[in-house]
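[1] here's my sequence, what's the structure:
(chains A, B, C and D)
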Protein chains: 2
Amino acid sequence: MTERSAPVDKRAKVRGETSGVTRRRNEQEILVAAERVFARHGYRGASLQAIAEQADLPKSNVLYYMGSKRGLYVRLLERMMERWNALLDDISVEDDPAEVLEAFIRSKMQLSRRHPEGSRLFAAEILGGAPFLHEYLRGELRDWVQARARILEQWSERGLMDPVDPVWLIFLIWSATQHYADFEAQVLGITGRDELTDADVEEITAFLTRVILKGCGVSPSR
Amino acid sequence: MTERSAPVDKRAKVRGETSGVTRRRNEQEILVAAERVFARHGYRGASLQAIAEQADLPKSNVLYYMGSKRGLYVRLLERMMERWNALLDDISVEDDPAEVLEAFIRSKMQLSRRHPEGSRLFAAEILGGAPFLHEYLRGELRDWVQARARILEQWSERGLMDPVDPVWLIFLIWSATQHYADFEAQVLGITGRDELTDADVEEITAFLTRVILKGCGVSPSR
DNA sequence: CGATGTATTGACCATTCGGTCAGGATATTG
DNA sequence: CAATATCCTGACCGAATGGTCAATACATCG
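    Sure, this is the predicted structure:
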């Protein structure tokens, strides 16, 4: 609750840059550790003790930096939402459907790959009924989807793609790309791999792009 | 660990059927409650107290029936795996690709709809790194996928569908169908609905079937 | 009716939970 | 060098955790 943004800003940073650096490094360490633990065990299942151990800090220190478990969790969620909002921010009806859809699939895939823990953290939150993201889903994110859905709809009307329900299409892309981060354990287990390489991700991206674009009647741009 | 299958079997059921009925009803009540709580909070986040309250029984009674939290959880997972294994059990190269793929999408969709809690329970387990399902993924399920992948591959060779990677295709169908159970909160939030009706599910199924079949070059059966 | 087993659960246990706080460590300032 | 302010953390708190167990309730049967 008490948003302690930067209580150090009074004087310490003028000469003693070291202190600020330590602070930032510790905070970062905690955020990374917390993202992992929350992603793995969900909000209730995660313990501050486990987070502290991951970050190699005493539990009290975690609370000193982050105030509370709840605050830490919300902060992580908000960080993930920012990453998400930066996605596919500027598209218009005039753009080429194939290019836009491919860019969507590609950037979404990279988001899941670049931030797998954050992606799983988000997934766990939704799985649990989205208690913290309820309003975000019904507000910001809903607007985001609706805006893009309207563009897809116009493309359909112009005959640039099949007249499919644009919201279901967005969900299809979403789920397919999300899957490789969230269900990584399953994908690895079934394919017998140790990890997904960049080449694997590229192959999957190409596969999804090809099937989905063809599936809704969008002809490739080049 | 201690698998107490049916310690009542000695005599009680011969005349006193009532007792056996109570037992079965209580067990069922516990399983339903536990599935919900585990799905919502994950293994670590779920508490026996919460499960007991959901089932309207004292906590001790839950332990009396189920032995341990771990045992209860494993039992739920196995139940879900059985449901899954019953899916698409008998397909061959001679079948019509369109029919099989549609049946797969449809039955998978219905599985998620019929057992949303179980579906989310499974998702949470995978999300957490599949600590209990590790061997299942690398064994049984892997075989399941490989067998079906081989059939898809042969269809590709016979020109009945595009030469797409069959495993990625199975994952695509999996993720798309799973999405509507696991991310229900998101779907409802964004579409502004209170629940998904049978008609919605039918519409989504039709959408997925259409896009995916067309996307991998399978011509509809009729 | 006892006798005999099973079903049930309240009381209790050690451990862990999120969170508080006093006070020592450390750095900055005059 | 103090003086002062911030950083850090071990010790501690009440509540909740999974699990045990002895005592009770209950049903069945000779």
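
[2] after the longest helix anywhere in chain A, which helix or strand is next?
    Ranked by residue count and defined by DSSP state H, the top helix of chain A is helix A:17-45. For helix A:17-45, the succeeding helix or strand toward the C-terminus, using DSSP states H and E, is helix A:48-55.

[3] what helices and strands are in contact with whichever helix or strand comes after that next one?
    Using DSSP H and E, the helix or strand that follows helix A:48-55 in sequence is helix A:59-66. On a contact count with 3 or more Cβ pairs under 8 Å, 6 or more residues apart in numbering or on different chains; DSSP states H and E, helix A:59-66 meets helix A:17-45, helix A:48-55, helix A:69-85. For every residue, glycine as well, the C-beta is placed using N, CA and C.

[4] on that earlier part again, the longest helix of chain A versus helix B:48-55: what angle between them?
    Counting by axes from the mean of the first three to the mean of the last three Cα atoms, to 10 degrees, helix A:17-45 points 40 degrees away from the direction of helix B:48-55.

[5] where does chain A dip in pLDDT?
    Across chain A, the ranges flagged by pLDDT under 70 are A:1-19, A:222.

[6] returning to that earlier point: and the longest helix of chain A, is it in reach of chain B?
    Yes. Figure legend: helix A:17-45 in contact with chain B (Cβ under 8 Å from any Cβ of the partner chain); contacting residues A:39-45.

[7] identify each buried residue in that helix, please.
    Buried residues in helix A:17-45, counting neighbours by 16 or more other Cβ atoms under 10 Å in any protein chain shown, are found at A:23, A:26, A:29-31, A:33-45.

[8] could I get the helices and strands packed on helix A:59-66 as a markdown table with distance to DNA strand D?
    Putting the helices and strands packed on helix A:59-66 into a markdown table (distance: least, Cβ to the nearest atom of the strand, whole Å) gives the following:
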| stretch | distance to DNA strand D |
| --- | --- |
| helix A:17-45 | 5 |
| helix A:48-55 | 9 |
| helix A:69-85 | 12 |
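
[9] tell me which two in the residues of helix A:17-45 next to chain B are the farthest apart.
    Spatial extent of the residues of helix A:17-45 next to chain B (Cβ to Cβ) is set by the pair A:39 and A:44 at 13.4 Å.

[10] make a markdown table out of the helices and strands packed on helix A:59-66 and add distance to residue A:195.
    Below are these laid out as a markdown table (distance: least, Cβ to Cβ, whole Å):
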| stretch | distance to residue A:195 |
| --- | --- |
| helix A:17-45 | 16 |
| helix A:48-55 | 20 |
| helix A:69-85 | 22 |
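
[11] select, out of these, the one closest to residue B:189.
    Closest to residue B:189 of the helices and strands packed on helix A:59-66, according to Cβ to Cβ: helix A:69-85, at 13.3 Å.

[12] elements contacting that closest one?
    helix A:17-45, helix A:59-66, helix A:116-127.

[13] tell me the helix or strand right after it.
    Moving toward the C-terminus from helix A:69-85, the next element (DSSP H and E) is helix A:97-114.

[14] and that following helix, does that touch chain B?
    No. Helix A:97-114 lies apart from chain B when judged by Cβ under 8 Å from any Cβ; the minimum separation is 11.4 Å.

[15] would you indicate which residues of that helix are buried?
    A:97-98, A:100-109, A:111-113.

[16] and what of stretch A:79-89?
    Quick answer for stretch A:79-89 (16+ other Cβ under 10 Å): A:80-81, A:84.

[17] tell me how far residue A:118 lies from DNA strand D.
    Separation of residue A:118 from DNA strand D (Cβ to the nearest atom of the strand, to the nearest Å): 24 Å.

[18] that residue: how many residues sit nearby?
    24 (other Cβ atoms under 10 Å in any protein chain shown).

[19] residues contacting it?
    Listed by Cβ atoms under 8 Å, 6 or more residues apart in numbering or on different chains, the contact set of residue A:118 reads A:35, A:39, A:76, A:79-80, A:83.

[20] also residue A:197?
    Contacts of residue A:197 by Cβ under 8 Å, 6+ apart: none found.

[21] can we see that at 10 Å?
    Applying Cβ atoms under 10 Å, 6 or more residues apart in numbering or on different chains, we find residue A:197 in contact with residue A:203.

[22] can you check residue A:158 too?
    Counting by Cβ under 10 Å, 6+ apart, residue A:158 makes contact with A:93, A:97.

[23] what's the spacing between it and residue A:168?
    Distance of residue A:158 to residue A:168, given as Cβ to Cβ, to the nearest Å: 19 Å.

[24] next one: residue A:97
    On the measure of Cβ to Cβ, residue A:97 and residue A:168 end up 16 Å apart.

[25] hmm, back to that, from the buried residues of helix A:97-114, which is closest to DNA strand C?
    residue A:112 (26.4 Å; Cβ to the nearest atom of the strand).

[26] excluding its backbone neighbours, what's nearest the most centrally placed residue in chain A?
    The centroid of chain A falls nearest to residue A:119 when counting by Cα atoms, centre = their mean (4.4 Å). Spatial nearest neighbour of residue A:119, chain neighbours left out: residue A:181 (3.9 Å); criterion: Cβ to Cβ, 6 or more residues apart in numbering or on different chains.

[27] surely residue A:153 meets residue A:97?
    No. In this structure, residue A:153 is not within contact of residue A:97 by Cβ atoms under 10 Å, at 11.5 Å.

[28] next, show the common contact partners of these two.
    In contact with both residue A:153 and residue A:97: residue A:161, using Cβ under 10 Å, 6+ apart.

[29] which residue, other than its chain neighbours, is closest to residue A:100?
    Nearest residue to residue A:100, sequence neighbours excluded (Cβ to Cβ, 6+ apart): residue A:91, at 5.1 Å.

[30] many thanks, we can stop here.
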